[in-house]
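Novice: Build me a model:
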Amino acid sequence: MTRYHLHLLSDSTGETLEMIAKAALAQFDDTDVIRHFWPMVRSHQHLDRIMGEISANPGLVFFTLVNTETRGRLEAGCQSLGLPAIAVLDGVTDALEDLLGQEAKGRPGRQHKLDEAYFARVDAIQFTIAHDDGIAWEDWEDADIVLAGVSRTSKTPTSIYLANRGYKVANIPIVVESPPPPALFGLRRPLVVGLTTAPERLVQVRRNRLLSLSQSPDTDYVDGDKVSSEVKYARRMFADNSWPVIDVTRRSIEETAAAVINLYNERKASSEAGQGGPKPI
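Specialist: This is a model prediction of the structure:
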């Protein structure tokens, strides 16, 4: 098998470039690609040292360099070596410039700036972890989103995914024998979303969970009739409170989270238009 070299040059952390390269390489089978990672390339001296390594291990060059001088120096060096150099974000940036009618700022690492959005995301993750599985219901009014559903309807992983997108999320299990706290039904700020699934699928998921924990799968927790009643109880609660419902039976975590975000944005738009009813965001 032939071995290939791929050089990744970034003027920032290189996280974006690495993800792009990883996603692209995943489309090919049986490849032997050595990735050379060069982050924080912001000086001619640094670039010159890297060019020596590229010359010694020639291959494809991907880069995200916004400084025109540094970029030009890299492109000229690759041209002299007869190597292709691909600016992976140029197409996206050009399209956005045309759409927005303005030029890109061209500042290294701009997307990783420790601004208010970054700290808000960290705050969201901390909030979500502290409000998992019905914990600290007294603070639910501070959440952006509250997810409700019976056990094993992907509430926690969906919450964490949303938190990484900057949303403060709490989640609560719906248990027939232990009704949720009354505070859940009086929330005004958060969007409450019910997660449901097919009982047959839920039995399978729960059974696999018990087996993975070396526990007996012969309990009410996986009894078909009991699970069906449990799901019906939750769905009735969602309907009685007019909460939007997402069926997660055939959805990945990412798809479920995307559906929640769409609901959140729709509610926010309605609220801003004066149509949000008694639950403004």
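
Novice: tally of neighbours for the closest residue to R189 other than its chain neighbours?
Specialist: By the measure of CB to CB, 6 or more residues apart in numbering, the closest residue to R189 outside its immediate chain neighbours is E141, 5.5 Å from it. Just so you know, the C-beta spots here come from the backbone N, C-alpha and C atoms, and that holds for glycine as well. The tally of other residues near E141 (other CB atoms under 10 Å) stands at 14.

Novice: what about whichever strand or helix holds I261, average pLDDT?
Specialist: Assigned by DSSP states H and E, I261 belongs to helix 253-272. Helix 253-272 shows an average pLDDT of 90 in the prediction.

Novice: Off-centre distance for that helix?
Specialist: Computed by CA atoms, centre = their mean, to the nearest Å, the separation of helix 253-272 from the middle of its chain amounts to 14 Å.

Novice: List the buried residues of it.
Specialist: In terms of neighbour count (16 or more other CB atoms under 10 Å), helix 253-272 has its buried residues at 253, 256-257, 259-260, 263-264, 267.

Novice: Kindly report the same for stretch 67-85.
Specialist: Of the residues in stretch 67-85, those buried (16+ other CB under 10 Å) are 67, 70-71, 73-74, 77-78, 83, 85.

Novice: who touches the residue nearest to R189 in this structure?
Specialist: Applying CB atoms under 8 Å, 6 or more residues apart in numbering to E141 gives the contacts 183, 187-190.

Novice: What is the most widely separated pair among the buried residues of helix 253-272?
Specialist: Largest separation among the buried residues of helix 253-272 by CB to CB: I253 and R267, giving 21.2 Å.

Novice: name the helices or strands packed onto the helix holding I261?
Specialist: Other helices and strands packing on helix 253-272, by 3 or more CB pairs under 8 Å, 6 or more residues apart in numbering; DSSP states H and E, are strand 145-149, helix 155-164, strand 191-196, strand 245-247.

Novice: Give the rounded mean pLDDT of the shortest one.
Specialist: This means strand 245-247. Averaged across strand 245-247, the pLDDT comes to 97.

Novice: Relative to it, what are the paired strands and their orientations?
Specialist: Taking DSSP bridges as the criterion, strand 245-247 pairs within the sheet with strand 191-196 (parallel).

Novice: which residues touch the strand it pairs with?
Specialist: By CB under 8 Å, 6+ apart, strand 191-196 touches 144-150, 153-155, 158, 184, 231, 234-235, 237-238, 241, 243-248, 256, 260, 263-264, 267, 279, 281.

Novice: Now the residue of the chain most remote from its centre, what are its backbone angles?
Specialist: For the chain, the C-alpha farthest from the mean C-alpha position belongs to S80; by CA atoms, centre = their mean, that distance is 40.6 Å. With angles defined as degrees, to the nearest 10, S80 sits at phi -70, psi -30.

Novice: what do you get for W38?
Specialist: Geometry field for W38 lists phi and psi as phi -130, psi 90, criterion degrees, to the nearest 10.

Novice: Tell me the pLDDT of it.
Specialist: You'll see W38 listed with a pLDDT of 92.

Novice: If it is in a bridge, with which residues?
Specialist: Beta bridges link W38 to L9, judged by DSSP bridges.

Novice: From I135, how far off is it?
Specialist: 44 Å (CB to CB, to the nearest Å).

Novice: and the two? which has more neighbours close in?
Specialist: When W38 and I135 are compared on other CB under 10 Å, the one with more neighbours turns out to be W38, at 20 against 13.

Novice: so that one sits right up against D11, yeah?
Specialist: No. With contact taken as CB atoms under 8 Å, W38 and D11 are classed as non-touching, separated by 9.8 Å.

Novice: which residues of the stretch 1-150 of the chain score low on pLDDT?
Specialist: Screening the stretch 1-150 of the chain residue by residue with the criterion pLDDT under 70, one finds the ranges 105-116.

Novice: For it, which segments count as strands?
Specialist: In the stretch 1-150 of the chain, strands defined by DSSP state E, counting those that start in this stretch lie at 3-10, 32-38, 60-64, 85-87, 145-149, listed in chain order.

Novice: Tell me the pLDDT of the residue nearest to N241 when sequence neighbours are not counted.
Specialist: Taking CB to CB, 6+ apart as the measure, N241 lies nearest to F185, with 6.1 Å between them; neighbours along the chain are not counted. At F185, the model reports a pLDDT of 97.
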